[in-house]
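Chemist: Fold the following for me, if possible:
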Amino acid sequence: MAPSIDRMVSIMIALLFLCLGAEAVDRSNFKTCDQSSFCKRQRELMPGQSPYRALLDTLELSDSRITLQLINDNNKVRLLLELYRLQGNMTRIKINELKPLKPRYEVPDVLLNDPPTEPMTLVAQDVNSVVLSLGVDEQRVIVNARPFRLDIVEGPKVLLSLNSRGLLAFEHLRLRKDTKHDTDAEDGGGSDNAELADDEDGQTVKEEEDKPGMWEETFKTHSDSKPNGPTSISLDFSFPGVEHLYGIPEHADTLKLKNTDGGEPYRLYNLDVFQYELNNLMALYGAVPVIISHNTERTMGVFWLNAAESWVDISSSTSGKTVFGKMMDFVQGSNEAPQTDVRWISESGIIDVFFMSGPRPNDVFAQYASLTGTQAFPALATLGYHQCRWNYNDQEDVKAVDEGFDEHDIPYDFIWLDIEHTDGKRYFTWDPNKFSQPKEMLQGLMDKRRKMVAIVDPHIKVDSGYSIHNEIRSKGFYVKNKDGGDYEGWCWPGNSGYPDFTNPEMRAWWASKFAYDQYTGSMENLFTWNDMNEPSVFNGPEVTMHKDAMHGNWEHRDVHNIYGIYVQRATAEGQIQRSGGTERPFVLTRAFFAGSQRYGAVWTGDNAAEWGHLKISIPMCLSLGLVGISFCGADVGGFFKHPSTELLVRWYQAGAYQPFFRAHAHLDTPRREPWLFGPDNTALIREAIRQRYTLLPYWYQLFYNAYRTGQPVMRPLWVEYTEDPDTFAIEDEYLLGKDLLVHPVTEEGAKGVTAFLPGKGEVWYDVHTFQKHKGAQNLYIPVTMSSIPVFQRGGSIISRKDRVRRSSACMENDPYTLYVALSPQGTAEGEIYIDDFHTFKFETDKQFIHRRLHFSDNALSSSNLAPDSQFTTASWIEKVVIMGASRPTSVSLTTADGTKTALEFEFDSAASVLTLRKPGVNAGADWTVFLV
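Modeler: Numbers count the residues shown, from 1 in each chain. Reported below is the predicted structural model:
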């Protein structure tokens, strides 16, 4: 009987899924700013009418912090401003109520630690302003009293201004008027005017008038009780001299942020949006509240640490059109300087903002990484190709697909199982009929040095026969509804409970479930996919959890955007614990927040098999990389619908050059394993995947550097070419590291593409033909279906492994080929990084090899960048290809012990390519090759 019920539930859920996401997203399921009462209230405020005044006589200065009270002259409510100078050229500003009725939510666990501070000094003070020194490059903070405004300046230039437009608004906690009446009556008091109250100085204060949506709100059939009343916050920032802003993912939109005047703001609210629209500022699955500004002189960042629903307005103008701009005109002698204004609006919490003052892009990346961490260093296998669909039918299907890759000589590392692999959508289980021997299946993959990912979602089937549910309920670990019972909603299993991942005890329990003796059928080559962790609630408001649900003492509205990161964190910690702390985890998440980079990979969600979705995957992943999340990819081929063969091939070619490389498809789409589209297309897809595998050493080195420095793996051109405005809005091509430029073909029927090769005085080499091209030009490139336009920067050295095998693990000890692309000055620089490719020993035991590769004066050398590390490798240098070379008379190799050996070489005079064959030296050794 139970299986029949499960099948009926599955059918009902599938029908609901199809209704929610038939052809495209139903916008009516999701709020606009006007339908979100706090956003509407805040947006009704007009610039230039700030009621806030700084009480300069309350200023207190310690070595690393100032505190200062602000007062709202309309309602006499006082706020407390705290300002910190942080190490690394950053400033932190917090604003909270001075005396809230009860604590307001402050986001925990996102920052690595309490950021270290540095001393500040008081430079000047009068009745109207205060000037503080930040001690870095003549940086000062200027606080003006009436109206309150805070400027961060460097020398004569204003870098950033807070509240210059007067849009600071802080809705204080208050008693509801009808509640206040009841309290007065019980006390025998009462008032002739319930709207009058006394502030702490005895002054009469006029209470603000209640507006619709302050104390309850309805959207469609859903009610939000709002027991704490209005609690929203807002603050504006001005960037003088700036026209280009980036960040605040996730949105299916352009890389450069748009002006929102007269339209919808950008929304940050993690939501399950089926088949999302393109070129739309609607919220999607993740939210990272970081904006990065850039012009030819400076790069800066603003991190708004708030986990509630947020909206961001962006307004671009010339600064001469504003009061603030007039000051800039006077200082800088210009009346046409651009300016961009940003306004953040959040539903609850406090204002907690970090200003990262750069000045270069890599400085901002390092500053943000010091706050929230760097990208987790993934195991090498996770950088290979992943094969997925909803769903592989059974163990025999998995085996057949696995064998299909071998039969067609296509490498892959992971095969994935979606929700149908479970016993009735009960996670941590296997379907007893279709996947009755999971260890046998996993062992078969392990024998070929391959791996599997199985989905584990954070909604738990409410079923008294399901031990996971029973344990969570008995321990009180479910999120509660507003009345104190377990919160329940509909998701894939039917009626589901939602574990409270904000509770550290719940996270520890969840992590324990990944132990091999707890997760029946699991093995060390099984990893995890956390989907639906926005959280998705099919019958909830906006397909998510009610905001008045409770996580301990906090409402869901306070914590919504960090729910997903907690799920991924607990899962990653479980994988680490199951190995005794030795093995690196792999967890893919759909929902994310600032700091998610520490726990694994993300993807762009439920896209569609359309050319537009292929194109938009580039700016979507670039935006994520700029805010720390480098391990990003899109479903190759599109999740919904069925791609044409041309689109599928082009998507494989693009996906092979994006950080996370996975094909995925919806349950109702035809099968699309790479060999199902005829031998010609199979060959094209095979070649794209093989190109990915040859470049795995470079990908691995880039992720190591991302882990160490916070620099994005996949980056916009302007990150490296900071002073070239032609790069600032480019989003159809990108850099991998600083040395590979990729321009995927994303237009249907394309016969050619035009790529911008940056860098005046630089050169770029086509990686396929070795043809050299000058920088600072738009290059038209004829393309066929086999073309993947990729260029290597002159002045770089990239290591590859040209012997492609069935999986990355099979290639671990294979030899390297070094591709040396000479600059016009005849120099080149690169790195090679090697470790065991899967454990933490590179960190705990310093077991790794990190070497500098350098070419100048006709000599190529390898030297040790980490002399205190200890690791040996069986890999050796098989070949060296030097682009832009001249014919030498002889070539010799000198090793560390002084041994000198002549090397064979070939020279292609037409292409100016010199090939050195079999240097035969170990990849971890010191050596020098001399060209004479």
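Chemist: for the record, mean pLDDT for the helix or strand that contains residue 780?
Modeler: Residue 780 is part of strand 777-782 when elements are defined by DSSP states H and E. Averaged over strand 777-782, pLDDT sits at 98.
Chemist: Likewise for stretch 469-476?
Modeler: The average of the pLDDT scores along stretch 469-476 is 98.
Chemist: That one: which residues count as buried?
Modeler: 469, 472 (16 or more other CB atoms under 10 Å). Every C-beta, even on glycine, is put in place using the N, C-alpha and C of the backbone.
Chemist: quick one: stretch 265-274 to chain centroid distance?
Modeler: Centroid separation between stretch 265-274 and its chain, computed with CA atoms, centre = their mean, to the nearest Å, is 14 Å.
Chemist: I misspoke; the intended subject was stretch 688-701.
Modeler: Centre-to-centre, stretch 688-701 and its host chain are 22 Å apart (CA atoms, centre = their mean).
Chemist: Equivalent analysis for stretch 286-294, please.
Modeler: That offset, for stretch 286-294, works out to 10 Å (CA atoms, centre = their mean).
Chemist: still on that earlier bit, so what strands line up beside the strand holding residue 780?
Modeler: Under the criterion DSSP bridges, strand 777-782 sits next to strand 752-757 (antiparallel) in its sheet.
Chemist: mind listing what's buried in the partner strand?
Modeler: Neighbour counts over strand 752-757 (16+ other CB under 10 Å) mark 753, 755, 756, 757 as buried.
Chemist: Equivalent analysis for stretch 537-547, please.
Modeler: 537, 538, 540, 541, 542, 543, 544, 545, 546, 547.
Chemist: Using the three-state scheme, assign the fifth one.
Modeler: Per DSSP: H, G, I helix; E, B strand; the rest coil, the secondary structure class of residue 542 is helix.
Chemist: Identify the residues contacting it.
Modeler: By CB atoms under 8 Å, 6 or more residues apart in numbering, the contact set of residue 542 is 29, 30, 31, 219, 269, 271.
Chemist: Top of the residues you listed by number of neighbours, please.
Modeler: residue 271 (26 neighbours; other CB atoms under 10 Å).
Chemist: Is it correct that residue 502 is in contact with residue 566?
Modeler: Yes - when contacts are counted by CB atoms under 8 Å, residue 502 is listed as touching residue 566 (5.9 Å).
Chemist: And the two? Which one has more around it.
Modeler: Between residue 502 and residue 566, residue 566 has the larger neighbour count (other CB under 10 Å), namely 26 against 20.
Chemist: what about the closest residue to the more buried one other than its chain neighbours, neighbour count?
Modeler: Distances taken as CB to CB, 6 or more residues apart in numbering place residue 501 nearest to residue 566, at 3.6 Å, with adjacent residues excluded. Neighbour count of residue 501, defined by other CB under 10 Å: 26.
Chemist: again, but for residue 635
Modeler: 25.
Chemist: per-residue confidence for it?
Modeler: On the pLDDT scale, residue 635 is placed at 98.
Chemist: which residues of the stretch 201-350 of the chain fall in strands?
Modeler: With strands called from DSSP state E, counting those that start in this stretch, the stretch 201-350 of the chain shows them at 204-206, 217-219, 222-224, 233-240, 244-247, 266-268, 290-294, 299-304, 310-318, 338-346.
Chemist: if you average pLDDT over each of those strands, which comes out lowest?
Modeler: The stretch with the lowest average pLDDT out of the strands of the stretch 201-350 of the chain is strand 204-206, scoring a mean of 57.
Chemist: still on that earlier bit, surely the residue nearest to residue 566 and residue 458 touch.
Modeler: Yes - shown here, residue 501 and residue 458 form a contact pair, counting by CB under 8 Å, at 6.8 Å.
Chemist: what's across from residue 238 in the sheet?
Modeler: Those that pair with residue 238 in a beta bridge, by DSSP bridges, are residue 161, residue 341.
Chemist: picking that back up, residue 730 is nearest to which of the strands of the stretch 201-350 of the chain?
Modeler: Set against residue 730 and scored by CB to CB, the strands of the stretch 201-350 of the chain come closest in strand 244-247, at 11.2 Å.
Chemist: Other residues contacting the closest one?
Modeler: Residues external to strand 244-247 that are found in contact with it (CB under 8 Å, 6+ apart): 239, 255-257, 288, 290-295, 301, 314, 340, 342, 623, 626-627, 716, 718, 728-729.
Chemist: which residue packs closest to the most centrally placed residue in the chain, ignoring adjacent ones?
Modeler: Among the residues of the chain, the one closest to the centroid is residue 629, at 3.2 Å (CA atoms, centre = their mean). Nearest non-adjacent residue to residue 629, counting by CB to CB, 6+ apart: residue 597, 4.7 Å away.
Chemist: still on that earlier bit, got the contact list for the residue nearest to the centre of the chain?
Modeler: Going by CB under 8 Å, 6+ apart, residue 629 touches 249, 288, 375, 592, 596, 597, 602.
Chemist: what's the most distant pair in these?
Modeler: Greatest spacing in these, by CB to CB: 249 and 375 (14.6 Å).
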